[in-house]
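Colleague: Coordinates for the following, if possible.
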Amino acid sequence: MTLDKQRIVTEAVALLDDEGLNGVTLRKLATRLGVRSPTLYWHLPNKAALVTAIAEAILEQEFPELVPAEPGERWQDWLIGLAERLRRALLAHPDGARVISASQLSLKMAAISELAMSTLVARGLPLRAARMIVLTVERFTVGYVLEEQALPLDPDALDGFDMAAFAAAYPTVIAGVAEYFEPGRTVDDLFHDCLELIVEGAAAKLRPAP
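Modeller: Residues are numbered from 1 along each chain as shown. As a prediction, the model looks like this:
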């Protein structure tokens, strides 16, 4: 089979799925493809270029095409939906958020930003406000997923941990967590509610004072 960039990136995404970002090396990738490592440099000059190519592939899976808000659709609802799709794209692969964070000049991410900003500007938002809102939403989304995809807590780290003492010292924290995660409420709801707070708060700040 002919070795081209598309085949290399497809196999790199599969390697990411198997071993996470730390396991994605040019040596391992070359082994999976049945070639010598220097062969890959004809298509990707270094690991940074490989990570960016993986980021493009991850985003392309969720965003094969980019569509602006429908007429009459609130830009707030549209932007929240866009961020939820971005989160799904990152969660679809181990270390997806790390890949996006480490990528250098992802054209697909730039296209998502362009669409989001131009949509808000078309709805009458000042350019500066549109940029700040989109930047905040994107960084919140990537940061949220980074935490979701962090390594699970080592059980040994909880050895000797006194939960009762922790709850007594931080009762409002414990009460807030327990109150929010009532039956049926999930981390997806938490993401949506936090995002809604950011977007609706920004929209409220932009409204003229009565």
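Colleague: in the chain, which spans are strands?
Modeller: For the chain, strands defined by DSSP state E do not occur.
Colleague: Now do the lowest-mean-pLDDT helix or strand in the chain: which elements does it pack against?
Modeller: Sorting the helices and strands of the chain by mean pLDDT, DSSP states H and E puts helix 37-40 at the bottom, at a mean of 83. Where contact means 3 or more CB pairs under 8 Å, 6 or more residues apart in numbering; DSSP states H and E, helix 37-40 is packed against helix 26-33. (Each C-beta comes from the backbone N, C-alpha and C, glycine too.)
Colleague: In CSV, please show the C-alpha coordinates belonging to the helix it packs on.
Modeller: The C-alpha trace of helix 26-33 is given here as CSV (Å, rounded to 0.1, in the frame of the first residue of the first chain):
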residue,chain,number,x,y,z
LEU,A,26,7.7,8.6,15.1
ARG,A,27,9.5,5.3,15.9
LYS,A,28,6.3,3.5,17.0
LEU,A,29,4.4,5.0,14.1
ALA,A,30,7.0,3.8,11.6
THR,A,31,6.8,0.3,13.1
ARG,A,32,3.0,0.2,12.7
LEU,A,33,3.3,1.3,9.1
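Colleague: follow-up on the earlier one: give me the buried stretch members for the least confident helix or strand of the chain, please.
Modeller: L40 (16 or more other CB atoms under 10 Å).
Colleague: Outside of that helix itself, list whatever touches it.
Modeller: 3, 8, 26-27, 29-30, 33, 50 (CB atoms under 8 Å, 6 or more residues apart in numbering).
Colleague: Quick check, L50 in contact with V24.
Modeller: Yes - counting by CB atoms under 8 Å, L50 touches V24, with 7.1 Å between them.
Colleague: S113: what's it in contact with?
Modeller: 134, 138.
Colleague: One more pass at 10 Å, please.
Modeller: 106, 131, 134-135, 137-138 (CB atoms under 10 Å, 6 or more residues apart in numbering).
Colleague: Show me which pair in those residues is furthest apart.
Modeller: Farthest apart among these by CB to CB are S106 and R131. That separation is 17.4 Å.
Colleague: Per-residue pLDDT of M1, please?
Modeller: M1 carries a pLDDT score of 58 in this model.
Colleague: Ok, the one 3 residues further on next?
Modeller: For D4, the pLDDT comes out at 87.
Colleague: what's around it, how many residues?
Modeller: D4 has 11 neighbours, counted by other CB atoms under 10 Å.
Colleague: Now the residue nearest the centre of the chain: closest residue in space that isn't a chain neighbour?
Modeller: For the chain, the residue nearest the mean C-alpha position is V142 (3.7 Å; CA atoms, centre = their mean). Sequence neighbours aside, A97 is the residue nearest to V142 in space, at 5.2 Å (criterion: CB to CB, 6 or more residues apart in numbering).
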